[in-house]
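J.: Below is the structure, and that's it, no one-letter string:
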């Protein structure tokens, strides 16, 4: 198992390198997205830690990949890495739910599905071109019944990767 650390701060990378050596962790280090993609393409990387925040399982080319089951993009570098990785692995369909819609504006790769996480009380973006995922906890009043209902298992369903193409939104029951 090899972990790749990606960070544009040389001091942070040096800190990770020192900690990994002390702990006997097999790790590689990249100062930018281009170097990270080169290392990933060489193979053997099983996890990527982008900007020191979110670990992502990696190392093979799955047909479908969902970025984090809970949480969100911690910063713009992370969001940029999501787009760069999707562009460099066109054989995989990527999916990300995010409240940070503004970090994913512009031309996105066709294999990257971005879905806006609409929690109760969260202001919605003006654009309706991005699919929305509503979290229903009994207080969400913006759902109108036309949304697809999440059956609760991405591994067997996969509908959220095609929400934009279907022109649909999705609603999740709070869990």
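T.: Thanks, I have the structure now. Treat the numbers as computed from the prediction; the structure is a model and nothing was measured. Residues are numbered from 1 along each chain as shown.
J.: ok, so what distance separates residue 133 from residue 159?
T.: Going from residue 133 to residue 159 by Cβ to Cβ, to the nearest Å gives 11 Å. Any C-beta I mention is one placed from the backbone N, CA and C, and that applies to glycine too.
J.: Need the overlap of contacts for those two.
T.: residue 170 (Cβ atoms under 8 Å, 6 or more residues apart in numbering).
J.: who's more crowded, the two?
T.: The neighbour count for residue 133 versus residue 159, taken as other Cβ atoms under 10 Å, is higher for residue 133 (20 against 14).
J.: For residue 130, see how far away the residue nearest to the spatial centre of the chain is.
T.: Taking Cα atoms, centre = their mean, the centroid of the chain lies closest to residue 67, which sits 3.1 Å from it. Distance of residue 67 to residue 130, given as Cβ to Cβ: 15 Å.
J.: quick one, strands of the chain?
T.: Along the chain, counting by DSSP state E, strands occupy 2-6, 27-30, 45-50, 54-57, 64-67, 93-98, 112-118, 132-136, 148-149, 170-173.
J.: Dump those strands to JSON lines, plus mean pLDDT and distance to residue 39.
T.: Shown next, in JSON lines, are the strands of the chain (pLDDT from 0 to 100; distance: least, Cβ to Cβ, whole Å):
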{"stretch": "strand 2-6", "mean pLDDT": "74", "distance to residue 39": "6"}
{"stretch": "strand 27-30", "mean pLDDT": "81", "distance to residue 39": "5"}
{"stretch": "strand 45-50", "mean pLDDT": "68", "distance to residue 39": "6"}
{"stretch": "strand 54-57", "mean pLDDT": "44", "distance to residue 39": "14"}
{"stretch": "strand 64-67", "mean pLDDT": "82", "distance to residue 39": "18"}
{"stretch": "strand 93-98", "mean pLDDT": "91", "distance to residue 39": "19"}
{"stretch": "strand 112-118", "mean pLDDT": "92", "distance to residue 39": "21"}
{"stretch": "strand 132-136", "mean pLDDT": "92", "distance to residue 39": "32"}
{"stretch": "strand 148-149", "mean pLDDT": "94", "distance to residue 39": "38"}
{"stretch": "strand 170-173", "mean pLDDT": "92", "distance to residue 39": "35"}
